[in-house]
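# Predicted model follows, preceded by the sequence.
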Amino acid sequence: MPKAMIVDDSKTIRMILKRVLTEAGFEVCEAGNGREALEVLQVQDGAVTLALIDWNMPEMNGMELLTELRRQPAFSSIKVIMVTTEAEIGHMSSALQAGADEYVMKPFTKEILMEKLQLAGVLSCSNC
């Protein structure tokens, strides 16, 4: 079973994303900010193949986490989908240039998230 990590300071958003990912066949781990996410990834020892990351979080924001993931060889292959309220084209462009595979704006629907998972190459239509 593929493993995904949700990084968001909102427990409600983590719960919603976890439900969708679980239904899509993922095992899910969670973190409340970027620093916590790096700690969780160390413990997971390469098992995480997908990360859904919020932009605005305390301690280490989503862009800082994305940059760190792309910098470290052990984490550089993790597919990253930014899931955020940041709707400006500049933010989206910055995230994609920094190495995000896809970008989802809150609020989102299950269908939009499933489509982005397909576009990122982590979900086949058989899981739709």
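Happy to help now that I have it.

# which residues of the protein fall in strands?
3-7, 27-31, 48-53, 79-84, 102-105 (DSSP state E).

# how many degrees apart are the first one and strand 27-31 in direction?
For strand 3-7 against strand 27-31, the angle by axes from the mean of the first three to the mean of the last three C-alpha atoms, to 10 degrees is 30 degrees.

# by contact count, what packs against strand 3-7?
In terms of contacts (3 or more C-beta pairs under 8 Å, 6 or more residues apart in numbering; DSSP states H and E), strand 3-7 is packed against helix 11-23, strand 27-31, helix 34-44, strand 48-53. (C-beta placed from N, C-alpha, C; glycine too.)

# rewinding a little: for the strands of the chain, which one sits closest to residue 92?
The closest of those to residue 92 is strand 102-105. By C-beta to C-beta, the value is 5.0 Å.

# Report the beta-bridge partners for the most centrally placed residue in the chain.
The residue lying closest to the centre of the chain (C-alpha atoms, centre = their mean) is residue 52, at 1.2 Å. Beta-bridge partners recorded for residue 52 (DSSP bridges): residue 6, residue 81.

# Find me the pLDDT at residue 128, would you?
pLDDT for residue 128: 53.

# Likewise for residue 46?
Model confidence at residue 46, given as pLDDT, is 89.

# The one 4 residues further on now?
According to the per-residue confidence, residue 50 scores 98 in pLDDT.

# Just give the number of residues close to it.
22 (other C-beta atoms under 10 Å).

# Can you report how many residues neighbour residue 26?
Using other C-beta under 10 Å, residue 26 has 24 other residues around it.

# quick one: buried residues of the helix or strand bottoming out on mean pLDDT in the chain?
Using mean pLDDT, DSSP states H and E, helix 89-98 stands out as the lowest-scoring helix or strand of the chain, at a mean of 92. Neighbour-count burial for helix 89-98, counted by 16 or more other C-beta atoms under 10 Å, picks out 91-92, 94-95, 98.
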